[in-house]
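Q: Pasting the sequence and the predicted coordinates here, then a few questions.
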Amino acid sequence: MEDLKAPPNNPAAERAVLGSILLDATTHGDEHVLDECRTRGIVPEAFFNPANQTIYSAILKMSVEAKPIDALVLIEELRGDGRLEAIGGVGYIQSLIDQVPTTAHAEHYIGILRAKYLRRVMIERATDVVKKCYDEGEYPDPQVVLGEAEKSFLEIGGSAGETMPWPDAVQESFNRIDRLFESGGKLMEGLSTGYKYLDEVLQGLKPGEMIVIAARPSMGKTSLAMNIAESCATGMAMNDMPVKYDGGKKHPVAVFSLEMPVVQLTKRMLAGRARINMWRLNRELVARSEKQRLTEQLMGALGVLKSSPIYVDDAAGLDVMDLRARARRMKKRFGIELIVIDYLQLCCCREGARQGRQIEVAMISQQIKAMAKELQVPVIVLSQLSRATVQRGDKFEKPKLSDLRDSGAIEQDADVVFLLRRPARNANDPECGDATLAYVDIAKNRNGETGEVKLTFLREYVRFLDREPDRGEGVENFKSSEPEPDMMQGEFSPDPMA
C-alpha cells in the first residue's frame, strides 16, 4: 500500500514567524516583521496549522484597523470572535513569544514558511492538472490543459492575477498625473512608438493595451508594426535619435510572425535601417562605387539590430492558447515589454473552430486582450480589413472601424485601432500623386484622442518616417522613383500600383 505523505510544512517555523511579529511589535513598537511577511507574499494560507492561520488573519485585521499588535490585544481580538479556545487559548499565544528570543532571524523563518507554502501550492496545482488529464470528456484537447497548466505554474511566486489595492491604485494615478504636471505634459505613460506625432496623440503604448493596426493588403501593416518594434528594442526613434522620453533605453520585444519567416523579416529590417534598396541590389543595379558605402551602412545596421532585444517566433498556424503560453515564457525569461502579432487572422482557436469563423476570431481577439492584461504589456496585433472600403464607392477608400475583417469583437476588444491607408494605392484619390504619403487614422483610442496622423512611407526601404503635419514631405533626401514593394510577399514589384 502506498504511503500517504503529509503536505510540506514546518510547525516550528510557523510559530517562529508569529512569535517574531508579536515580539517585534511589543519590543520595538513597529511592524517590520509583518511588513516583510507582506512583501514576501505571506497570506494566511501560507500557514499549514489552522490555528496559526487564524492568528495571522487576526494580526492582519488588527494592522488594518491600526490596533496595537501585542499579545494582550491579540487575545482580546480572538476572544471577541469566539476563536481563542479553538487556537489553544492564552497559553498558546504566550508560547509563541517565549520560544523566540529575538527577531534577528525572522527573515530566515519567513523564507522557510514561504518555501513550504510554495511546495503545497505546486502539489495542489499539479494534482488539479492530473485530474484534468484523466477527464477527456470535459477536456478533449490536451493543448487546453497544457495552456492552463502553464499559466497556473507561472503564476506561482509571481504577481500575475493579483489586483493592486484601491488606495495604492489611487495613489499611483495621482503620482502619474503629478509627473505630467511637472513635465509640462511631455511625459509619456507608455512605450514610445518612435514617431513624434503618434506619441503626441497616444501618449505611448500603455501596459495592458491591445493595439490593432488594420489595413487592406499591401498598405504596410507589417512594416509599421516592425518599425515600432525596432524603435522600442533599439531605443532609437525613427529619425535615428535616442528616444528622449526614457533616454534611449532598450525594451525587450516579442514578435509572433505567423506570416513571414524570421530570416525574411530580419532581411527587411536590416535593409530598412541601412537604407538599402533591395530591389536595385537584387537586380544588380547598384554601381560599384556605391557598394562600399552600402556595405558600411549595412554593417552599422547589423551592429544595432544584433544587440537589440528582439525575440521572434515564426511558427505558423499557432493556436491562440499556445501563443499565450509562449508569450508567458518569453515574459518570464526575457522580461518582454511589447508583443507584436502578425497577424490576427492567421491565428486559430481550436475551441471556436467548429462554431464558425466569426466566433473563432472573436475568441482569438478576447484571448489576445486577456493576454495583454495578464502580462501587463502592450500588444500590437495586425488585422486585415474587408473589401467594404472598395465596395462603398468612396473615392478616398477611407477605412472604418466596421471594416475590421471577420468579427466586430476586434473593434470591441481593442483599446487602440490604427487604420492605415496610402493614397498612392488608390488612383481615384486626389492625393495619389504623392507616393510617400501615408495616413494613420487613430479611429479608436480608449484612453485618449483620436484623429489622423500623417507619415512618410519610403517604399524602397519599406520604412515609415515622421512627417511634419503642415510642411509636407520633410524627408526630401529619401525621395525615390524606384518600384514599390509588394507588402504581402516582401518582394519588390516593378508596378508602382501593385
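A: Great, that's in hand.

Q: From here on, just use CA atoms for contacts and neighbour counts.
A: Will do.

Q: how about the strands in the stretch 151-300 of the chain?
A: 210-215, 253-257 (DSSP state E, counting those that start in this stretch).

Q: Show me what the longest one is packed up against.
A: Spelled out, that is strand 210-215. Here strand 210-215 touches helix 221-234, helix 357-375, strand 379-384, strand 416-421, going by 3 or more Cα pairs under 8 Å, 6 or more residues apart in numbering; DSSP states H and E.

Q: one step back: among the strands of the stretch 151-300 of the chain, which is the most enclosed?
A: Mean neighbour count (mean count of other Cα atoms under 10 Å) peaks for strand 210-215 among the strands of the stretch 151-300 of the chain, with a mean of 28.

Q: With distance to Gly235 as added columns, please give the strands of the stretch 151-300 of the chain in TSV.
A: TSV is the format used below for the strands of the stretch 151-300 of the chain (distance: least, Cα to Cα, whole Å):
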stretch	distance to Gly235
strand 210-215	20
strand 253-257	11
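
Q: what number of residues lie near Ile359?
A: Using other Cα atoms under 10 Å, Ile359 is surrounded by 19 other residues.

Q: who's in contact with the spatially most central residue of the chain?
A: Nearest residue to the geometric centre of the chain (Cα atoms, centre = their mean): Val377, 2.1 Å. Going by Cα atoms under 8 Å, 6 or more residues apart in numbering, Val377 touches Lys206, Pro207, Gly208, Glu209, Ile336, Glu337, Leu338, Ile339.

Q: Apart from its neighbours in sequence, what residue is nearest the fourth one?
A: Taking Cα to Cα, 6 or more residues apart in numbering, and ignoring the residues beside it in sequence, Glu209 has Pro378 as its nearest neighbour in space, at 4.8 Å.

Q: nearest to Ala325, of the strands of the stretch 151-300 of the chain?
A: Of all the strands of the stretch 151-300 of the chain, strand 253-257 sits nearest to Ala325, with 12.3 Å by Cα to Cα.

Q: Please state the offset of that closest one from the chain centre?
A: 11 Å (Cα atoms, centre = their mean, to the nearest Å).

Q: And stretch 33-41, by the same measure?
A: What separates the centre of stretch 33-41 from the centre of its chain is 28 Å, taken as Cα atoms, centre = their mean.

Q: Residues contacting that stretch, please?
A: Outside stretch 33-41, the residues that touch it by Cα under 8 Å, 6+ apart are Ser20, Ile21, Asp24, Thr103, Ala106, Glu107, Ile110, Arg114.

Q: Name the helix or strand for Tyr79, please.
A: Just so we're on the same page, residue 79 is Arg rather than Tyr. If you go by DSSP states H and E, Arg79 is part of helix 71-80.

Q: which helices and strands sit right next to that helix?
A: Judged by 3+ Cα pairs under 8 Å, 6+ apart, helix 71-80 is in contact with helix 50-64, helix 89-98.

Q: follow-up on the earlier one: closest one to Gly147 among the strands of the stretch 151-300 of the chain?
A: In terms of Cα to Cα, the element of these nearest to Gly147 is strand 253-257, at 17.2 Å.

Q: The closest one: partners in the sheet, and parallel or antiparallel?
A: For strand 253-257, the paired strands and their directions (DSSP bridges) are strand 310-313 (parallel), strand 338-342 (parallel).
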